[in-house]
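# Provided below are the primary sequence and the corresponding predicted coordinates.
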Amino acid sequence: QVHVVESGGGLVEAGGSLRLSCAASGFIFSVAAMAWYRQGPGKQREVVATITSQNVTIYADSVKGRFIISRGGAENTVYLQMNSLKPSDTAVYYCKTTAIPTTNIGRYDYWGQGTQVTVSS
């Protein structure tokens, strides 16, 4: 089993900052990439930022220059620093870990339960 847990969501005023954390644990052989997705009210889930095992980062156009994805000091952890937040950033944020488990062959996506971010105007 692989478990993914997010934390750090909350309520913030427009222009403020929040930092989300994600930790993947369990029977992990290796992690290929970790990514943050979000799903706003009435919207489809969309990718926000991705970091690969080679530390290549990719951002959605809507968050470029405002959000930073980075690896944590602990193994298989990742952060999303969100600055200059806008009401349009309001969403449930999910962490996805793409990993090879020790218990199976192949690469799989594992999702966390999500953390709510609400930006007030």
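Looks like it came in fine.

# Is residue 16 in a helix, a strand, or coil?
When classified by DSSP: H, G, I helix; E, B strand; the rest coil, residue 16 comes out as coil.

# got a list of what it touches?
85, 119 (Cβ atoms under 8 Å, 6 or more residues apart in numbering). No exception for glycine: its C-beta is placed from N, CA and C like everyone else's.

# what are the phi and psi values for it?
phi -80, psi -170 (degrees, to the nearest 10).

# Can you show me the strands along this protein?
2-7, 10-13, 18-26, 28-39, 46-52, 57-59, 67-71, 77-82, 91-101, 108-111, 115-120 (DSSP state E).

# who does the second one pair up with?
Partner strands for strand 10-13, per DSSP bridges, with pairing direction: strand 115-120 (parallel).

# Could you give the average pLDDT over the strand it pairs with?
For strand 115-120, the mean pLDDT works out to 98.

# Can you give me the buried ones in it?
For strand 115-120, burial by neighbour count (16 or more other Cβ atoms under 10 Å) applies to 115, 117, 119.
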